[in-house]
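J.: Okay, sequence plus prediction incoming.
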Amino acid sequence: MNLSTPVEKISGIGPVSKNKLKRLGIKTIEDLIFYFPRRYEDFSHLVKISEIRINEICTIRGKILEIENNQSWKKKMILTRAIIEDESGAIEAVWFQQPYLIKTLKKGDYLYLSGKTILKKNKIYLSNPVYEKINLEKLNHNQGNETEIILTHTGRLVPIYPETKNISSKWFRSILKIVLPKIKEKIPETLPKKILEETNLLSRPEAVWQIHFPDSKEMAEKAKERFSFEDLFYIELFILQERAQLSQEKAVAFPIKTEIIKDFVNSLPFKLTNGQKKAAWKILKDMEKGKPMNRLLEGDVGSGKTVVAVTAALNVIKSNWQVAFMAPTEILAKQHFKEVANLLTDFGANIGLLTGKQDLLRSKKLKNETIEISREKLLEKTLKGEIDILIGTHALIRDKVKFNKLGLVILDEQHRFGVEQRAKLIQPSKTNSSDNKRIIPHLLSMTATPIPRTLALTIYGDLDISLIDEMPKGRKRIITKIVKPEERKKVYEFIKKEVKKGRQVFVICPRIEKNEEVEEENNNIKRKIKSVEEEYEKLTKDIFPDLRIGILHGKMKPKEKEKVMENFKNKKIDILVSTSVVEVGIDVPNATVMIIEGAERFGLAQLHQFRGRVGRSSSQSYCFLFTNSPSKKTWQRLKALISSENGFDLAEKDLKIRGPGDFAGVKQWGMPDLIMDSLMNTRLVEKAREAAKKILINSPHLKKYPYLKAKVEKLRKKIHLE
């Protein structure tokens with residue numbers, strides 16, 4: 001048996017289990033042992049039956065006096081009841097809907113039971129306890145000393161894994177208990193010896209054992225830290241190598257066209273904030289250098305990032321170079337096309353739009369008229385250098401787009417874009433340089449998702465970051481309220497008044513189709529999730545039959561979506577019922593009310609994005625969070641949204657409450673939830689960064705560390721856009 005042995009070679013794993021494991025990404029023994037728990041149940045509190053207290057999680061050891069199945073007619077379920085006795089007393093254990101247990105557990109069996117004690121009708125019992133049978137010979141041999149018995153499912157810190165049907169955490173523990181002792185010594189160390197010594201981390205084999213079967217909470221934390229460090233270390237190696245590679249590349253040095261920039265700023269129908277001015281100045285100064293800029297522009301929803309990007313683009317096109325502007329969706333690409341074209345009306349620019357369905361051109365020769373153009377013609381004009389700014393989706397790098405002289409790439413909500421991807425946007429044979437070195441365009445990424453410092457340091461550590469931390473003047477704070485089910489009618493009355501004033505309303509739902517239910521976390525209660533279809537039906541027929549209501553979701557055809565959005569913008573729709581497709585890039589200043597159904601189903605960053613769809617004019621705007629969840633965590637999160645006006649403060653709160661999983665771009669790193677939590681640990685992130693720096697000083701291309709080199713290459717392929 002070795003790490004590459006297929007899992008089906010393990011005794012007890014047949015074709016059915018093999019296929020189920022495959023769905024979890026587990027094909028080999030290596031996949032199995034690196035499938036980490038997501039949390040632990042602490043069953044280490046071992047007590048005598050006489051010492052049991054109500055509502056505590058504990059473990060007892062005893063003998064089954066009797067066991068039987070009973071039918072509960074009231075709830076139509078089968079209850080398995082057992083009386084367990086130790087030297088101090090007896091207690092009842094009750095299992096729900098597990099009638100097969102009486103075939104496994106017999107009168108006279110000795111076992112450990114771990115679970116929660118419940119008081120009902122003045123009687124204490126163990127509810128749905130986990131059990132583990134004891135080998136009686138072993139127990140007698142050890143004179144009843146349980147410390148000598150190695151427990152797997154009870155009486156210790158017990159790992160809980162992400163599960164699938166018929167592959168439970170108990171199944172994982174049982175299999176790993178067989179496999180790990182056989183494979184432990186074959187697990188190779190991946191970190192250099194010097195780093196292990198300097199960081200005082202567990203060895204890899206020891207960490208694997210302790211993460212699955214920890215001796216204590218402290219050892220579980222040490223194992224987690226070892227693997228967290230390892231993943232962060234690979235990321236930092238990758239990031240620092242990228243930065244070093246970029247510093248060797250050449251870019252065009254664009255002198256600042258001071259007079260043109262002044263004219264542009266003066267032509268704007270609004271005054272730039274100090275944050276916008278500072279960000280624009282940093283970007284322009286970066287682009288004066290002959291090295292490629294690599295900057296992330298962070299700004300809250302509605303803070304005016306696009307204007308800053310257009311300032312940089314104007315400086316580039318006035319030096320007779322081109323700009324590529326990439327957006328994540330067609331809706332957003334079209335919106336950017338209109339906005340950029342309007343901002344540059346007086347500055348003589350040819351602007352193209354390249355999307356999957358429709359290509360457009362805003363031509364200075366035709367007095368800034370917008371015309372439809374064939375894909376072939378648009379690509380030809382781009383290659384000749386006749387298009388100054390080409391705006392589009394991923395089509396910009398997927399299609400055969402060739403620029404004549406590309407000087408700047410602007411990415412909206414697309415942060416991970418490396419040297420190779422920039423090179424794709426340039427004709428490979430063209431170097432534009434006397435020393436025959438290729439020219440790499442400058443890169444400006446933009447995001448409205450507030451990223452806390454630790455996360456930014458880890459995931460975007462190869463980027464310089466500019467922050468726009470103030471909103472345009474005249475904007476009012478959005479009034480945000482949590483709405484309980486019994487308060488709905490009041491909100492509906494309020495909506496009628498707002499629509500009468502000529503305002504418009506967004507209603508966001510978590511799902512498209514009807515009849516979807518979810519099980520609430522840590523609670524077996526099933527709750528129905530609001531869908532766009534049923535909400536649209538209800539609002540149209542029952543609540544607002546006299547108002548004009550539209551529907552928008554991801555399954556609609558692009559032309560349908562576009563028509564709905566146009567009608568909403570043109571005030572032909574009063575209330576728009578939508579899924580999260582409106583999260584980014586939809587600008588309707590007349591909309592003043594945002595209703596979010598099932599608010600607990602969304603991350604805080606996402607809720608903040610939705611809220612940012614209103615409050616885009618001088619009118620007072622409102623955001624109502626509808627929830628019927630009793631969860632304390634839900635209310636804690638929603639209250640954080642109410643108290644946070646600034647998206648960056650909110651991101652820090654979200655990080656503390658939920659962990660970093662919901663932030664943009666994080667999941668693509670593929671780290672287990674257990675390791676994700678460590679991104680909040682600034683000390684560990686910085687420790688990994690320092691270790692990576694030392695390795696790269698010693699071996700810049702990692703030739704001395706072939707394993708690390710292979711890991712970084714694998715990460716590079718995974719992270720960069722295809």
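T.: That came through, no problem. Note that this is a predicted model, so its numbers are computed, not measured.
J.: count of neighbours near the closest residue to residue 189 other than its chain neighbours?
T.: In space, and not counting its chain neighbours, residue 189 is closest to residue 204: 5.0 Å by CB to CB, 6 or more residues apart in numbering. Yep, even glycine has a C-beta here, placed from its N, CA and C like the rest. Using other CB atoms under 10 Å, residue 204 has 17 other residues around it.
J.: Could you do residue 483 as well?
T.: Other residues close to residue 483 by other CB under 10 Å number 18.
J.: For it, give its distance to residue 271.
T.: Distance, residue 483 to residue 271, by CB to CB, to the nearest Å: 36 Å.
J.: Helix, strand or coil: sort out residue 54 for me.
T.: In three-state terms, and counting by DSSP: H, G, I helix; E, B strand; the rest coil, residue 54 is coil.
J.: how many other residues sit next to it?
T.: For residue 54, the count of nearby residues is 9 (other CB under 10 Å).
J.: What spatial separation is found between it and residue 117?
T.: According to CB to CB, residue 54 stands 6 Å off from residue 117.
J.: got the phi/psi numbers for residue 535?
T.: Residue 535 adopts backbone torsions of phi -70, psi -40, taken as degrees, to the nearest 10.
J.: Could you pull up the residues touching it?
T.: Applying CB atoms under 8 Å, 6 or more residues apart in numbering to residue 535 gives the contacts 507, 509, 577, 597.
J.: what's the neighbour count on the closest residue to residue 15 other than its chain neighbours?
T.: Excluding the flanking residues, the one nearest residue 15 by CB to CB, 6+ apart is residue 8, at 7.3 Å. Using other CB under 10 Å, the number of residues around residue 8 comes to 14.
J.: Quick one, grab the pLDDT at residue 8.
T.: Note on residue 8: pLDDT of 90.
J.: swap in residue 440?
T.: Per-residue pLDDT puts residue 440 at 86.
J.: Same question for residue 437.
T.: Looking at residue 437, its pLDDT stands at 66.
J.: same thing with residue 667?
T.: Value listed for residue 667 in the pLDDT field: 43.
J.: and if you look at residue 520?
T.: At residue 520, the model reports a pLDDT of 43.
J.: With residue 344 instead?
T.: According to the prediction, residue 344 has pLDDT 93.
J.: Of the contacts of residue 535, which is the most crowded?
T.: Counting neighbours by other CB under 10 Å, the top entry in the contacts of residue 535 is residue 577, with 28 neighbours.
J.: unless I'm mixing things up, that residue is touching residue 548, no?
T.: No - assessed by CB atoms under 8 Å, residue 577 is found out of contact with residue 548, at 11.7 Å.
J.: can I see the domain layout of this protein?
T.: Here the domain parsing of the chain from automatic domain parsing is 45-155, 254-288+304-447, 479-644.
J.: Distance to residue 692 for the ones you listed - can I get that in TSV?
T.: Shown next, in TSV, are these (distance: least, CB to CB, whole Å):
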stretch	distance to residue 692
domain 45-155	37
domain 254-288+304-447	17
domain 479-644	28
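J.: what's the closest of those to residue 700?
T.: domain 254-288+304-447 (15.7 Å; CB to CB).
J.: Identify each of the helices in the stretch 501-650 of the chain and give its residue range.
T.: 532-538, 558-569, 604-611, 632-643, 647-658 (DSSP state H, counting those that start in this stretch).
J.: Would you mind finding the longest strand in this protein?
T.: Using DSSP state E to define each element, the chain has its longest strand at strand 57-72.
J.: Which residue is the nearest non-sequential neighbour of residue 290?
T.: Residue 290's closest residue in space is residue 253 (CB to CB, 6+ apart), at 4.6 Å.
J.: isn't there a strand covering that neighbour?
T.: No - under the criterion used here (three-state DSSP), residue 253 is coil, not part of a strand.
J.: May I ask which two of the contacts of residue 535 are separated the most?
T.: Longest span within the contacts of residue 535, CB to CB: 577 and 597, 9.1 Å.
J.: Point out where the stretch 301-450 of the chain drops to low pLDDT.
T.: Applying pLDDT under 70 to the stretch 301-450 of the chain flags residues 357-358, 398-399, 414-437, 449-450.
J.: What segments of it are helices?
T.: 305-317, 330-343, 375-384, 395-398, 419-424.
J.: So which of those is nearest residue 240?
T.: Of all those, it is helix 419-424 that lies closest to residue 240, at 13.9 Å by CB to CB.
J.: In contact with the residue nearest to residue 290: list those residues for me.
T.: For residue 253, the contact set (CB under 8 Å, 6+ apart) comprises 287-290.
J.: Residue 608 versus residue 463, what's the distance?
T.: Noted for residue 463: a distance of 22 Å to residue 608, by CB to CB.
J.: which one of the two has more residues nearby?
T.: It is residue 608, of residue 463 and residue 608, that has more neighbours when counted by other CB under 10 Å, with 25 against 21.
J.: now residue 91, which residues is it bridged with?
T.: Per DSSP bridges, the residues bridged to residue 91 are residue 84.
J.: where do the strands sit along the stretch 401-550 of the chain?
T.: 406-412, 442-447, 464-468, 479-483, 504-508, 517-519, 526-528, 549-552 (DSSP state E, counting those that start in this stretch).
J.: Dump the ones you listed to TSV, plus distance to residue 76.
T.: As requested, the strands of the stretch 401-550 of the chain are exported to TSV (distance: least, CB to CB, whole Å):
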stretch	distance to residue 76
strand 406-412	55
strand 442-447	52
strand 464-468	59
strand 479-483	35
strand 504-508	38
strand 517-519	20
strand 526-528	17
strand 549-552	40
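J.: which stretch among these comes nearest residue 232?
T.: Proximity to residue 232, assessed across the strands of the stretch 401-550 of the chain by CB to CB, is greatest for strand 464-468 (18.6 Å).
J.: hang on, the earlier thing: quick one: contacts for the residue nearest to residue 15?
T.: 14-15, 17-18.
J.: pLDDT-wise, which helix or strand of the protein ranks last?
T.: Least confident helix or strand, the chain: strand 517-519 with a mean of 44, by mean pLDDT, DSSP states H and E.
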